[in-house]
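Curious how this folds, go ahead:
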Amino acid sequence: MIYRYLAYLPANLIFVALSYLLSPALAGLSMLSGPRLPGVLQWFSTLDADLDGGVAQGVKGYRADLTGWRLWWQRTCWICRNPAHGWQSELLGMPAAGSIIIRQMVTETPKNQWYVMETARGVRFFCWKRDQPLLGGLYLKLWFGWVNKSYDGRNHHFAFQIGPKRA
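The predicted model follows:
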């Protein structure tokens, strides 16, 4: 379980870095092709929403009335907010169909979640999430393993997130 995670980690880091580097060009392409990128290019963002997903999900700061450079920038930011989720799901993910949770521990203060899951074929995988409180109303969001929720309905996507967030 841990060995598989460590083996996938370098590929994940490459896909995330590519998402950041390509985000301006991908957002530019979306200005010509529409908010859903064609084919596997959508894998550089998220599979459960198009590049205007921040508007549909009500994410603070995302607006439906943008055009031109502002729309391009908003889509660039969306890709950077959800870098490589498609690759993390389709290539590095664990199949959701028939997967079960074998063990879970959840605490609220601080928010901490640990899951051990198993695919229908008996392959075990894990998810660890923690919101580590920091100073000034900030916390550090830590997600490792494969996300316990299948956002695309097909796979539990690979997760390696370390990021400051506002409470």
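
Okay, strands next: where are they in the chain?
94-95, 100-107, 112-118, 124-133, 138-146, 155-156, 158-166 (DSSP state E).

and residue 99, what are its phi and psi?
Main-chain dihedrals, residue 99, degrees, to the nearest 10: phi -70, psi 150.

now do residue 150
The phi/psi pair for residue 150 (degrees, to the nearest 10) is phi -90, psi 100.

Without its sequence neighbours, what residue ends up closest to residue 8?
Nearest residue to residue 8, sequence neighbours excluded (C-beta to C-beta, 6 or more residues apart in numbering): residue 92, at 4.9 Å. C-beta: built from backbone N, CA, C; applies to glycine.

what's the pLDDT at the one you found?
Looking at residue 92, its pLDDT reads 97.

Contact partners for the residue nearest to residue 87 when sequence neighbours are not counted?
Among residues not flanking residue 87 along the chain, residue 15 sits closest, at 4.2 Å (C-beta to C-beta, 6+ apart). Applying C-beta atoms under 8 Å, 6 or more residues apart in numbering to residue 15 gives the contacts 44, 83-84, 87-88, 91.

Now for these: which two are most distant?
83 and 91 (13.9 Å; C-beta to C-beta).

In terms of packing, which of the two has more residues around it?
Counted by other C-beta atoms under 10 Å, residue 83 and residue 91 do not tie: residue 83 has more neighbours, with 24 against 17.

If anything else comes up later, I'll come back, but that's it for now.
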